[in-house]
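Asks: One predicted model, sequence on top.
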Amino acid sequence: MTTQIQHDVLIIGSGMAGLAAADAARAASLSTLVVDKGRRIGGRVATRRADGFTFNHGAQFLTARHPDFIAACDHARQAGALADWQVAGRDALCGAPTMRDLPAHLGAGVEIRQTTEITRIETDADAVTLHDRDGVVARGQHLVLTAPAPQAQRLLQDVEPDLAATAGTATYAPCWTGMYGFDVDMLPPAADPIRHDNGPVGWAVWEDHRPSLSAASAADRDGAGLVVQAAPDWSTAHLEEDSADVAQALLAAYQNQTGLELPTPRYISAHRWRYARVTTAAADGAARISADGRIALAGDWLIGGRIESAWLSGRQAMHALLDAG
Ligand SMILES: Cc1cc2nc3c(=O)[nH]c(=O)nc-3n(C[C@H](O)[C@H](O)[C@H](O)COP(=O)(O)OP(=O)(O)OC[C@H]3O[C@@H](n4cnc5c(N)ncnc54)[C@H](O)[C@@H]3O)c2cc1C
């Protein structure tokens, strides 16, 4: 028995691209379902809470250049979900109070099913059907696929080989991210983030120095969180190493680089972002849709590895589907 078409648009991915596509679908009065394999909204715009600490362990800040993204950011800022963070860059913004609050703001009111990993896409004359390991998840008129390129390529190779080939041309750099929680009486020593293109430490910041967190009184703080992100070359060279070893190595490198002697952290962990930053975008910035006008690709990997690119790509994909009728 064929499942009924339940949605005008299905979107794989609740990252910035998927949420922008959902917003464009809502503006066109289309019914939408977003599915994502992760536990939380936002994809690589991520925040982890652990042992009373908060770590923004994915994207660190964003900038807005395109007028429409500037308008979206202004809206988020008015809602309190974004704040200026000039120490990260003259026009840098960050999620408030955490990075994940930006996607949470964008996704308000959108029907989103997290912890749903799509394993197969099926198309027929009428619709697109998404499957997970247990069977049919949803059936809709159109699909916007915003998974990172290697995952998109796998999902598309049987159903849309041309789009799969496009996805196959994008390349990424990985990023190991160390997270360290210290007791609250250990105050963060340096106000500005550390930034390097090479060497083990590519970026490091004390979470208390984010604008919205530094505003909290000391009494409200659970402790001081430090995020250390490895530079691309170091992350590539150590990609398959054990995360506990990487966490220790990055903390040692941070201390070496800053000359600080830190106490033993109460919380220590490392997250491996296998597909962190796009190094080669797959397309020329133009939308990519299937010949039958049912499936559109989106994601930072079509334009360039930034939050703004992801957002623009998601919106562009939805508009391309609408134009295709
Ligand atoms: C460590 C790090 C630091 C960064 N720093 C910055 C920065 O400072 N500034 C900046 O602008 N950008 C930064 N970026 C890049 C930025 O995070 C990305 O460009 C942007 O978030 C990508 O959004 P997206 O929607 O294209 O992809 P994603 O955020 O990756 O979203 C794709 C979603 O698809 C889901 N998905 C994948 N496969 C499936 C499946 N089979 N079924 C269901 N769901 C699936 C994933 O769970 C994910 O949520 C950084 C990224 C990383 C990792």
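Replies: Sure, I can see it.

Asks: Now for whatever residue of the stretch 101-250 of the chain ends up closest to the ligand, how many residues are close by?
Replies: At 3.4 Å from the ligand, residue 147 is the closest residue in the stretch 101-250 of the chain, using C-beta to the nearest ligand atom. (C-beta placed from N, C-alpha, C; glycine too.) Residues near residue 147, counting by other C-beta atoms under 10 Å, number 27.

Asks: residue contacts, residue 243?
Replies: 269-272 (C-beta atoms under 8 Å, 6 or more residues apart in numbering).

Asks: picking up where we left off before, tell me the phi and psi of the residue of the stretch 101-250 of the chain closest to the ligand?
Replies: phi -60, psi 150 (degrees, to the nearest 10).

Asks: wait, what's in contact with it?
Replies: The neighbours of residue 147, taking C-beta under 8 Å, 6+ apart as the test, are 12-13, 155, 299.

Asks: 7 Å instead, please
Replies: If you count contacts by C-beta atoms under 7 Å, 6 or more residues apart in numbering, residue 147 has them with 12-13, 155.

Asks: would you list those residues in JSON lines and tack on neighbour count?
Replies: Output for these, formatted as JSON lines (neighbours: other C-beta atoms under 10 Å):
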{"residue": "12", "neighbour count": "28"}
{"residue": "13", "neighbour count": "28"}
{"residue": "155", "neighbour count": "22"}
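
Asks: so which of those also contact the ligand?
Replies: Counting by C-beta under 6 Å from any ligand atom, 12-13 from these sit close to the ligand.

Asks: Next one, pLDDT for residue 194 please.
Replies: Residue 194 carries a pLDDT value of 82.

Asks: ok, now residue 209?
Replies: According to the prediction, residue 209 has pLDDT 85.

Asks: if we can go back for a sec, can you list which of the contacts of residue 147 are found in helices?
Replies: When helices are assigned by DSSP state H, the members of the contacts of residue 147 inside them are residue 155.

Asks: Can you tell me which of the contacts of residue 147 is nearest residue 120?
Replies: residue 155 (7.4 Å; C-beta to C-beta).

Asks: looking at it, the closest one is touching residue 121, isn't it?
Replies: Yes: look at residue 155 against residue 121 with C-beta atoms under 7 Å: they come within range, at 5.4 Å.

Asks: phi, psi of residue 79?
Replies: phi -80, psi 0.

Asks: Just list the residues touching the residue nearest to it when sequence neighbours are not counted, thanks.
Replies: Distance criterion C-beta to C-beta, 6 or more residues apart in numbering; nearest residue to residue 79, sequence neighbours excluded, is residue 105 at 5.6 Å. For residue 105, the contacting residues are 76, 79, 81, by C-beta under 7 Å, 6+ apart.
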